[in-house]
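1. Whatever this is, show me its structure:
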Amino acid sequence: MVKNDTTTVNRKTEIISAAIEVFADIGYYRATTAQVAQRANISQPYIFRFFATKEALLLAALEVSWTRIIDSFRLVVDSASPERLETNLSGAYEDIMKSYQNETLLQMQALTIQEEAIRESMRCGFREVRHIVLEAFRSAGIHNPEERTLIFLARGMLCNISMAVGLPELMEE
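-> Numbering: from 1, shown residues only. Modelled structure (predicted):
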């Protein structure tokens, strides 16, 4: 990759990172591309060089967050023993929530956005995560993998809520 291509990729990544922060802080509807530009230390028109609309920017941010979860889960599936699979998947998600809290908050907010493109992004992300977990549980010989997958995903959502509202006792066993 030549220097200009690398700079372009880096700038696009910086814009997406800034958007994740801004959208997580104040919400998609209240956020402006001017605020994203300010957070990224660029001019607002520069954002539109990469993203035609604020919605396109949100979709790119959601793609980053889903890719992080999916890639992390695939690594666990490829390396964990059947006995440690569920525990390691949970640990991987907890690590993501700690290190990338804004991405979790972004996804939670996106669940309430009614624009079809955003809804489809969320459906695709959840479908892929469910598929990875379900197939891993089946391959590991986990009893009743459909129910275990449902419980696993439900616990993940409860973890999100616990983190978002600052109520860790929701997760106490």
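2. Just name whatever secondary elements the lengthiest helix in the chain is in contact with.
-> Longest helix of the chain, by residue count under DSSP state H: helix 54-79. When contacts are defined as 3 or more Cβ pairs under 8 Å, 6 or more residues apart in numbering; DSSP states H and E, helix 54-79 sits against helix 3-26, helix 33-40, helix 85-99, helix 101-110, helix 116-139. (Each C-beta comes from the backbone N, C-alpha and C, glycine too.)
3. now the second one: mean pLDDT?
-> The one in question is helix 33-40. Mean pLDDT, taken over the full extent of helix 33-40, equals 97.
4. what do you get for the last one?
-> Taken as a whole, helix 116-139 has an average pLDDT of 98.
5. and the helix or strand following it, C-alpha only, in CSV?
-> Following helix 116-139 in sequence order, the next helix or strand is helix 145-165 (DSSP states H and E). Taking Å, rounded to 0.1, in the frame of the first residue of the first chain, the C-alpha atoms of helix 145-165 are listed here in CSV:
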residue,chain,number,x,y,z
PRO,A,145,-27.3,-26.4,22.1
GLU,A,146,-30.2,-24.2,20.9
GLU,A,147,-31.3,-23.5,24.5
ARG,A,148,-27.7,-23.0,25.7
THR,A,149,-27.2,-20.5,22.8
LEU,A,150,-30.3,-18.7,23.8
ILE,A,151,-29.2,-18.5,27.4
PHE,A,152,-25.7,-17.4,26.3
LEU,A,153,-27.0,-14.6,24.2
ALA,A,154,-29.5,-13.5,26.8
ARG,A,155,-26.7,-13.3,29.4
GLY,A,156,-24.7,-11.2,27.0
MET,A,157,-27.6,-8.7,26.7
LEU,A,158,-27.9,-8.7,30.5
CYS,A,159,-24.2,-7.9,30.7
ASN,A,160,-24.7,-5.0,28.4
ILE,A,161,-27.5,-3.7,30.5
SER,A,162,-25.5,-4.2,33.7
MET,A,163,-22.6,-2.2,32.2
ALA,A,164,-24.8,0.5,30.7
VAL,A,165,-26.7,1.4,33.9
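6. now the residue lying closest to Leu59 once chain neighbours are set aside: how far from Ile151?
-> Leaving out its chain neighbours, the residue that sits closest to Leu59 by Cβ to Cβ, 6 or more residues apart in numbering is Ser121, at 5.6 Å. From Ser121 across to Ile151, the span is 25 Å (Cβ to Cβ, to the nearest Å).
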